[in-house]
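**Student:** sequence-free structure coming up:
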């Protein structure tokens, strides 16, 4: 199992703090040549693993929102292309006087829908899968 770097760093800093606290609590200090014992005050640090979990969940939430935003944009683009193809088809059929003109308009409409669907499919494929929820 891979442990995130932040969790490893937190464990190392807690371990170093405990080591330093243990040496300060036992009364050992740094001795100078003058025979004076000096103890160095230490700062207490509180490191919680929950912050790593919260950070990973926030990152996941941001990635998920970005994913859904991109999907929504793909859907809007597809709907716009379909709407444009439909209005073009309706204009062409309104002015068509022969069956051949209506058939040509229908073929152009079908082609535009197929192109919009292919574009949407390519965009969704390039977008990939949604982000995976952290454990």
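**Tutor:** Looks like it arrived, so ask away. Keep in mind the model is a prediction, meaning the values are calculated, not measured. Numbers count the residues shown, from 1 in each chain.
**Student:** Might you list the low-confidence residue ranges for this structure?
**Tutor:** 1-53 (pLDDT under 70).
**Student:** give me that answer again for 90
**Tutor:** 1-56, 134-135 (pLDDT under 90).
**Student:** what ranges do the strands span in it?
**Tutor:** With DSSP state E, the ranges of strands along the chain come out as 30-31, 37-38.
**Student:** can you pull the contacts of the nearest residue in space to residue 67 that is not next to it in sequence?
**Tutor:** In space, and not counting its chain neighbours, residue 67 is closest to residue 130: 5.0 Å by Cβ to Cβ, 6 or more residues apart in numbering. Where C-beta positions appear, they are placed from N, C-alpha and C, glycine not excepted. Counting by Cβ atoms under 8 Å, 6 or more residues apart in numbering, residue 130 makes contact with 64, 67, 68.
**Student:** now residue 77
**Tutor:** Shown in contact with residue 77 (Cβ under 8 Å, 6+ apart): 119, 120, 123.
**Student:** switch the cut-off to 7 Å
**Tutor:** Neighbour list for residue 77: empty [criterion: Cβ atoms under 7 Å, 6 or more residues apart in numbering].
**Student:** That one and residue 84, how far apart?
**Tutor:** Per Cβ to Cβ, to the nearest Å, residue 77 is found 11 Å from residue 84.
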